[in-house]
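# show me how the following folds:
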Amino acid sequence: MAFSLHNEQSWQDFYGAWTMETSGFKEWYLDLDDVCGELQKHLDTFKAKKHSNRILHSGTGTSELPFRLHKAGYASQVGIDFSDDCIKSLQSAQEKSELKGMEFKKMDVRRMSFEKESFDAVVDKGTLDCVMLTDKGEQSAHQYLKEISRILVRGGEAAIFSLYGPSERGICVKCHELEGVDLSCKHYDMPEAFETPNEGPSHLYVFRKEQARNAAPNSDEKEEKDKEVDVRSNKREERREEKVKA
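Numbers count the residues shown, from 1 in each chain. Prediction:
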């Protein structure tokens, strides 16, 4: 059977023939330095170096990205993939690296078992493209985006790297119109230097889950509002005193 990006058995066969010992990490899509640079440019988690944030790698494959980010200070990470062999290899690599805080689990990105609002950021390097190639591509992609929306905290963000622009990934830029998807999306053309061999330029979709509309103000905001109320109250008192004197 010819290899197919959306076929689970194709990936099982691929990862079954691949081992960390003989092949090492494999980046089949985009250079790690390019990916890390784009994450740092566009996502608050990485721009502000929020090292305590919890990060999900959705469809992690055999990428070294979780290990690279861990060494940069992001210890709390989870990688998921639907290939047993892939996950076992990554678990073995983690044990040998002795890096703490990372987990690797077998899971379908369309049906995640995580609690709601349990991640600050999601990173997808080509997974949505594979989901879109399935027989029910739009339906599967909708379910995937619903899951991302569900597991992200308020104010959380997701980065999806894709080979396809907005004309072919309208489901991303119009995600706010989808039932059950509480996300907004911005599209970025990645630099031409990041072109994938035989595929052309790549694209980045950055999703954000909005803060709760009626969220209680934090202590600093409350203090500022109290000050504004005091100022207005003092001014009213001054005006009353002036009228009495007049």
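# can you pull out the strands in the protein?
In the chain, the strands defined using DSSP state E lie at 55-58, 77-81, 102-106, 119-125, 152-162, 184-189, 203-208.
# could the ones you listed be laid out in CSV, adding mean neighbour count?
Yep, even glycine has a C-beta here, placed from its N, CA and C like the rest. As requested, these are exported to CSV (neighbours: other C-beta atoms under 10 Å):
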stretch, mean neighbour count
strand 55-58, 25
strand 77-81, 24
strand 102-106, 17
strand 119-125, 24
strand 152-162, 21
strand 184-189, 14
strand 203-208, 21
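# tell me the centre residue of this protein?
residue 122 (2.0 Å; C-alpha atoms, centre = their mean).
# can you count the residues close to the nearest residue to residue 180 once chain neighbours are set aside?
Spatially, and ignoring its direct neighbours in sequence, residue 180 is nearest to residue 146 (4.5 Å; C-beta to C-beta, 6 or more residues apart in numbering). Neighbour count for residue 146, taken as other C-beta atoms under 10 Å: 18.
# again, but for residue 172
Counted with other C-beta under 10 Å, the neighbours of residue 172 add up to 24.
# would you mind measuring from the residue nearest to it when sequence neighbours are not counted to residue 129?
Of all residues not flanking residue 172 in the chain, residue 205 sits nearest, at 4.5 Å (C-beta to C-beta, 6+ apart). From residue 205 over to residue 129 the distance is 11 Å, taken as C-beta to C-beta, to the nearest Å.
# who touches both of the two?
Contact criterion C-beta atoms under 8 Å, 6 or more residues apart in numbering; residues shared by residue 205 and residue 129: residue 162.
# how about residue 100: what's its closest non-neighbour residue?
In space, residue 100 is closest to residue 75, 6.6 Å off (C-beta to C-beta, 6+ apart).
# ok, the one you found - contacts?
Going by C-beta under 8 Å, 6+ apart, residue 75 touches 51, 99, 100, 101, 102.
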